[in-house]
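**Student:** Only the shape, not the letters, is given here:
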């Protein structure tokens, strides 16, 4: 293809609304066009990238015996009512009625559609196990879309669903799919992706993992232990606390603490350690507005995902009124008379002498002991793990926290959907049983943007050869020079005849503009044909990342280019 014919504009200025580099390059390089909040159109370069990602995914899905199908984008609400998710899923699910006033939804995930598709086929044990997948448009009404294709409302996703007659068979296939995901990400150019334990969220299931690309621009916090390899999303990471060596038990004493509300202020006033304080964080349940008071060590924060999973309802920060019985800034376990659910985090366990609120304005307690001063205290884990914290696997204080982008996820669903949607099969012994499911997702556009975020420099993307929009970017530096133009045309024709994907820039523009566009397109191999080199019978061959820069005899340029392409491709192959 000739660059002068490529639809889309490339420009130098960084758009003000682009908060991360991949978003900025996607707009500046003519990859995507904003349509509406969280909705984009794709120009040719990005469409070529995503098509190559889809081809890699299809190849790897075939290797794990998953068959491609296609579900509708628009689904009847009755399917989601069968599973119970029509009401339980929040505003992310877009609901509407058709002209016949039937309830409809836009598919944000397709577990219900998968069960509906194979319910009859899966009625006998003889047809198990099996796996199906699709690559399809989905719509999730995100409250805060951001970062271009990283977090959008409309997106293309590969989602696979497997069906099994035993937990052991599900686990074996889950492991096969997990390995397939690592192959997909390596072939796409990001072998550094890590798998982490995750929270199953609205999808459900008992076991789930996310595949995280560790980059500074990531919106997820990833908990890692380099000693033993433990990894988890912050939402799912177990928090272990060692409170040995804390102060011995003391007398419960009420102390006047004027204008000191935060634990840092209180501990500073009392000359106490924040690690030996008990703070209160107050929420209200979304469905009932019931108050929930979480008590935890003063230097920890509440992990709201753990809290929601514990109480079975989403929460929001409490609006504390005079009538509720909670004294804002001075709430504590001793003498709390409010009508609320009280939760004690494990970070308090083992501390015998605590500073806490006294449930009275400008007063706190010292010497508070939960076992002595409060009844029925049970400890649960609802706190966020911290940098330098104790690894829940090896027990060492080796926890580090990094930022990451989720590029894939896998779930062991169990019978959450098959049971609620009455999918059964006749077992070999004639009994009726419920099949077990797994599901496995990869966002195609998000993966493309994530690769760009991980593989770029200050000038633009550095696309891996396997998913680059083109393999070779051919630059003719002087179209007004007949020898230069003729040689560039020859190379273009020979490369195309050899099956090489080439974007050819034969515009009459300055060298700076030509190279700026080439950098924004990020094609991994670049051929530069110029009069000075041709005078010596040579042509410049380089890689976008500058790891290769050489002068090649013009008679050998096509052969050498093919060799370089093979070398770059082989580096991303899986054994």
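**Tutor:** All right, it came through fine. Quick caveat, the model's predicted, so the values are computed rather than measured.

**Student:** Report how many residues lie close to the closest residue to residue 128 other than its chain neighbours.
**Tutor:** Nearest-residue entry for residue 128: residue 165, 4.7 Å, with adjacent residues in sequence omitted and distances by Cβ to Cβ, 6 or more residues apart in numbering. Bear in mind the C-beta positions are built from the backbone N, C-alpha and C, glycine included. For residue 165, the neighbour count with other Cβ atoms under 10 Å is 19.

**Student:** Scan this structure for its longest strand.
**Tutor:** Ranked by residue count under DSSP state E, the longest strand found in the chain is strand 399-414.

**Student:** buried ones in the helix or strand where residue 517 lies?
**Tutor:** With secondary structure defined by DSSP states H and E, residue 517 is part of helix 511-521. Buried residues in helix 511-521, defined by neighbour count with 16 or more other Cβ atoms under 10 Å: 514, 515, 516, 517, 518, 519, 520, 521.

**Student:** Distance check, residue 106 against residue 138.
**Tutor:** Using Cβ to Cβ, to the nearest Å, we find residue 106 at a distance of 8 Å from residue 138.

**Student:** any shared contact partners between the two?
**Tutor:** Common neighbours of residue 106 and residue 138, counting by Cβ atoms under 8 Å, 6 or more residues apart in numbering, are residue 73.

**Student:** what bridges to the residue nearest to the spatial centre of the chain?
**Tutor:** Using Cα atoms, centre = their mean, the residue of the chain that lies closest to the mean C-alpha position is residue 406, 1.8 Å off. As for beta bridges, residue 406 partners with residue 212 under DSSP bridges.

**Student:** Would you confirm that it contacts residue 208?
**Tutor:** No. Counting by Cβ atoms under 8 Å, residue 406 sits too far from residue 208 to count as a contact (11.3 Å).

**Student:** where are the low-confidence patches of the protein?
**Tutor:** Counting by pLDDT under 70, the ranges of the chain that qualify are 199-206.

**Student:** Assumed residue 169 was part of a helix.
**Tutor:** Yes. Using DSSP: H, G, I helix; E, B strand; the rest coil, the secondary structure at residue 169 is a helix.

**Student:** quick revisit: for the residue nearest to the centre of the chain, give its distance to residue 40.
**Tutor:** With the distance defined as Cβ to Cβ, residue 406 ends up 19 Å from residue 40.

**Student:** Check what contacts stretch 452-465 and list those residues.
**Tutor:** For stretch 452-465, the surrounding residues in contact (Cβ under 8 Å, 6+ apart) are 20-22, 25-26, 28-29, 49, 150, 188-190, 192, 213, 215, 217, 405, 451, 469, 471, 516, 519-525, 544-545, 565, 568-569, 572.

**Student:** typo on my end, it should be stretch 383-393
**Tutor:** Where contact means Cβ under 8 Å, 6+ apart, the residues beyond stretch 383-393 that reach it are 223, 225, 227-230, 234, 237-242, 296-297, 299-303, 306, 345-347, 396-401.

**Student:** buried residues in that stretch?
**Tutor:** Buried-residue list, stretch 383-393, by 16+ other Cβ under 10 Å: 383, 384, 385, 386, 389, 390, 391, 392, 393.

**Student:** repeat for stretch 352-371
**Tutor:** Here stretch 352-371 shows 352-359, 363-370 as buried, counting by 16+ other Cβ under 10 Å.

**Student:** what's around residue 251, how many residues?
**Tutor:** That count, for residue 251 with other Cβ under 10 Å as the rule, works out to 9.

**Student:** same deal with residue 536?
**Tutor:** Number of residues near residue 536 (other Cβ under 10 Å) recorded here: 10.

**Student:** and it, what does it touch?
**Tutor:** For residue 536, the set of contacting residues under the criterion of Cβ under 8 Å, 6+ apart consists of residue 551.

**Student:** rerun at 10 Å
**Tutor:** 551, 553, 554 (Cβ atoms under 10 Å, 6 or more residues apart in numbering).

**Student:** Likewise for residue 373?
**Tutor:** Contacts were defined as Cβ under 10 Å, 6+ apart; by that measure residue 373 touches 252, 332, 333, 334, 335, 354, 356, 365, 367.

**Student:** Let me know the closest of those residues to residue 98.
**Tutor:** The shortest separation between residue 98 and any of the contacts of residue 373 is 53.3 Å, and it belongs to residue 333 (by Cβ to Cβ).

**Student:** Any idea how far stretch 516-529 is from the middle of the chain?
**Tutor:** 30 Å (Cα atoms, centre = their mean, to the nearest Å).

**Student:** so residue 232 bridges to which residues?
**Tutor:** Taking DSSP bridges as the rule, residue 232 bridges to residue 197, residue 223.

**Student:** I'd guessed it sits against residue 303; true?
**Tutor:** No. The pair formed by residue 232 and residue 303 falls short of the contact definition of Cβ atoms under 10 Å, at 11.3 Å.

**Student:** Mind checking which of the contacts of stretch 452-465 are in strands?
**Tutor:** Of the positions in the contacts of stretch 452-465, 213, 405, 525 sit in strands, assigned by DSSP E.
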